[in-house]
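Asker: using only what follows, build the 3D model:
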Amino acid sequence: MLKHRIGHRNESRHRRHRILACLILACGASVANAGVDGDMRSGYNTTLEEASLGGGVLLAIGPSGNWFANPNAEVIFRDSGDAGSINGDVHYDFPSNSSATYWLGAGAAIVHRNPGSGNGNTDLGLNLLAGLGARTGKVRPFVQGRVTVMEDTEATILVGVRF
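Answerer: Numbering: from 1, shown residues only. You can find the predicted model right below:
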């Protein structure tokens, strides 16, 4: 009986992850059509030693063309339990004449962790990030490092594409 409940819980969690991944893909496609850049990202949380999948949007803010809002969400694939974050990141792209751009930024994070046994917790954190990516093209790859400062500080390495 216990194995059945655990199996059902894992199946339900995987179903939620698949639904979230489909929603991220659908939102990314509709955002790209609205004149706002979308992004898809995959990452590795070095603190939890778990992989993640997420997506977001990239919005130019201000007249300089160097400031960007990059709200995003990620799901961390854990062996047991659920984990994820919603992030309100802002970054500054440094001026460059090359085909690559690099940035530094920060933002608010809402991080949820549920170990699968007992109660989960939700923390507020501060993201500190640095990244490098292609400046032009319909599909632009990027890599980004992020430290989320909170009660249990985490580090994540992300790779993705913007479109």
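
Asker: distance between stretch 126-134 and the chain's centre?
Answerer: Here the centre of mass of C-alpha atoms in stretch 126-134, compared against the chain's by C-alpha atoms, centre = their mean, to the nearest Å, lies 11 Å away.

Asker: kindly export it (C-alpha atoms) in CSV.
Answerer: Coordinates of each C-alpha in stretch 126-134 appear next as CSV, following Å, rounded to 0.1, in the frame of the first residue of the first chain:
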residue,chain,number,x,y,z
LEU,A,126,18.1,37.9,-3.8
ASN,A,127,19.5,36.7,-7.1
LEU,A,128,23.0,37.9,-8.2
LEU,A,129,23.8,37.0,-11.8
ALA,A,130,26.3,37.3,-14.5
GLY,A,131,25.9,36.1,-18.1
LEU,A,132,27.3,35.9,-21.6
GLY,A,133,25.2,35.5,-24.8
ALA,A,134,24.8,36.1,-28.5
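
Asker: ok, residues contacting it?
Answerer: The set of residues external to stretch 126-134 that reach it, using C-beta atoms under 8 Å, 6 or more residues apart in numbering, is 87, 89, 91, 99-109, 140-150, 162. C-beta coordinates here come from the backbone N, C-alpha and C atoms, glycine included.

Asker: one more: stretch 83-100?
Answerer: Under C-beta under 8 Å, 6+ apart, the answer for stretch 83-100 is 48, 50, 56, 61, 66-76, 101-114, 127, 129, 131-136, 148.

Asker: can you flag the buried ones in the contacts of stretch 126-134?
Answerer: Buried positions within the contacts of stretch 126-134, assessed by neighbour count (16 or more other C-beta atoms under 10 Å), are 87, 89, 91, 101-103, 105-107, 109, 140, 142, 144, 146-148, 162.
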